[in-house]
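Chemist: Fold the following for me, if possible:
(one chain, ligands or ions: 1)
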Amino acid sequence: MKLSLLIAVLGIGCCALASASEPVWMQDVNVLADDMMEGREVGSKGSKRSREYLMERYAEIGIEPLPALNDYSQPFSAIRKNKPLAGTNVVGQLKGALDRYIVVSAHYDHIGRKGRRIFNGADDNASGVAAMLYLAAQSQQSGRQCHQVFLASDAEEHGLLGARAFVSSDVVAAKSIFVNLNLDMLSQPGGRKEVLVSGNLSHPAFNCIIEDIELASNMPMIATDEKRRVGRYPSLADRRKVSDHAAFAEQGIPFLFLGVGRHNYYHTPRDTASRVNQSFYGETVRIAWQYLQKLDALCAKADGQP
Ligand SMILES: [Zn+2]
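Modeler: Residues are numbered from 1 along each chain as shown. Sure, this is the predicted structure:
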């Protein structure tokens, strides 16, 4: 990220926010979880500032707008608790040779502020968005076989509204989406260093991919779709429904969801960039990249068709 871009977006003259020695994903978390973004609640000024920053990053990486949209914005409206709600997804693509899509998603909205208390949402979900940007930059450099769409969704915290708007809009036909890779909360190990994976049963090849990455990364992967107790996680929450991937699952689209699950800072003003566990987060970002590469390989195989 260019420092000038950060300064322009935040409107500040000098900053102690980003250090050039930090990895790019951490620099993005620092910006998105800054107080200037005011917790990125849908429809807020902070949300607009986040979006402007994301669009600059998309352009910098070389992500193209979708042909069905004018630019990276996908505005949508919905009714939530009998009130109209207007949100805006940020979406674009990197083209591949094959006419199928992998949609990488991460919600950029969070729960805003209550008076002077700002809910910065560093883990939830600046961490997923920053990881997604890294994946896009890596993919831009190393290439891909299937098309990749990068969806920074809005209003997830209000019921996956941005993801549902994307899936139902047909800007990318649902039948041509091979898989959704959804990233939501990657930077806090909580009590235990492990990654929760949902969607392992949504495609016959996914359990294999998860095992391969677990072995290669030495990171425990807790596959959570089974209806039995998994590790320390009893099947209380159905993780197939907890984040944007559910909008894809509802259309019968295979999905993989990576996240850490609830932790002590979850939905509190203490979910700040300064509390990110940087070494753990570095591992999960690289793991997310492993997933995207393996999903692209699977997408390219004829028998990989959903
Ligand atoms: Zn979230």
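Chemist: Give me the mean pLDDT for stretch 89-101.
Modeler: Stretch 89-101 comes out with an average pLDDT of 97.
Chemist: go on, stretch 287-306?
Modeler: For stretch 287-306, mean pLDDT rounds to 86.
Chemist: Quick one: the strands in the stretch 201-306 of the chain, in order.
Modeler: Taking DSSP state E, counting those that start in this stretch as the test, the strands found in the stretch 201-306 of the chain are 221-223, 255-259.
Chemist: other SSEs contacting the longest one?
Modeler: Counting contacts by 3 or more CB pairs under 8 Å, 6 or more residues apart in numbering; DSSP states H and E, strand 255-259 is packed against strand 177-183, strand 195-198, helix 206-217, helix 245-249, helix 278-300. (Each C-beta comes from the backbone N, C-alpha and C, glycine too.)
Chemist: Check what contacts it and list those residues.
Modeler: 128, 179-186, 195-200, 202, 206, 209-210, 239-240, 242-243, 245, 248-249, 284, 287-288, 291, 295 (CB atoms under 8 Å, 6 or more residues apart in numbering).
Chemist: can you rerun that using 7 Å?
Modeler: The contact list for strand 255-259 (CB atoms under 7 Å, 6 or more residues apart in numbering) reads 179-186, 195-199, 202, 206, 239, 243, 245, 248-249, 288, 291.
Chemist: list the buried ones in the strand or helix carrying residue 74?
Modeler: For residue 74, the element it lies in under DSSP states H and E is strand 73-80. Within strand 73-80, the residues that qualify as buried by neighbour count (16 or more other CB atoms under 10 Å) are 74, 76, 78.
Chemist: What of stretch 85-102?
Modeler: For stretch 85-102, by 16+ other CB under 10 Å, it's 85, 87-94, 96, 100-102.
Chemist: what about it, how long is it end to end?
Modeler: Across stretch 85-102, the terminal residues are separated by 28 Å (CA to CA, to the nearest Å).
Chemist: do the same with stretch 117-135
Modeler: For stretch 117-135, the first-to-last residue distance is 32 Å (CA to CA).
Chemist: if you look at it, does any of it touch the ion?
Modeler: Yes. Using CB under 5 Å from the ion, stretch 117-135 reaches the ion at 124, 125.
Chemist: about what we covered before: and the furthest pair within the buried residues of stretch 85-102?
Modeler: Across the buried residues of stretch 85-102, the longest distance by CB to CB is 33.9 Å; it joins 85 and 96.
Chemist: Output stretch 201-208 as CSV, nothing but the C-alphas.
Modeler: Extracted C-alpha coordinates of stretch 201-208, given in CSV (Å, rounded to 0.1, in the frame of the first residue of the first chain):
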residue,chain,number,x,y,z
LEU,A,201,-19.2,-31.6,3.1
SER,A,202,-20.4,-29.2,0.4
HIS,A,203,-18.1,-30.9,-2.3
PRO,A,204,-16.6,-34.4,-2.3
ALA,A,205,-13.1,-33.2,-2.7
PHE,A,206,-13.0,-30.6,0.1
ASN,A,207,-12.1,-32.9,3.0
CYS,A,208,-9.0,-34.0,1.1
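Chemist: Tell me who's in contact with residue 29.
Modeler: By CB under 7 Å, 6+ apart, the neighbours of residue 29 are 122, 126, 127, 130, 273, 276.
Chemist: tell me which residues of the helix or strand hosting it are tucked away?
Modeler: Assigned by DSSP H and E, residue 29 falls within helix 24-32. Neighbour counts using 16+ other CB under 10 Å place 25, 26, 27, 28, 29, 30, 31, 32 of helix 24-32 among the buried residues.
Chemist: show me the contacts for the second one.
Modeler: Translated: residue 26. Residue 26 is in contact with residue 278, counting by CB under 7 Å, 6+ apart.
Chemist: go again using 8 Å as the cut-off
Modeler: Counting by CB under 8 Å, 6+ apart, residue 26 has contacts 130, 273, 276, 278, 281.
Chemist: Would you mind checking those for buried ones?
Modeler: Counted by 16+ other CB under 10 Å, the contacts of residue 26 give 130, 273, 276, 281 as buried.
Chemist: Cool, thanks, signing off.
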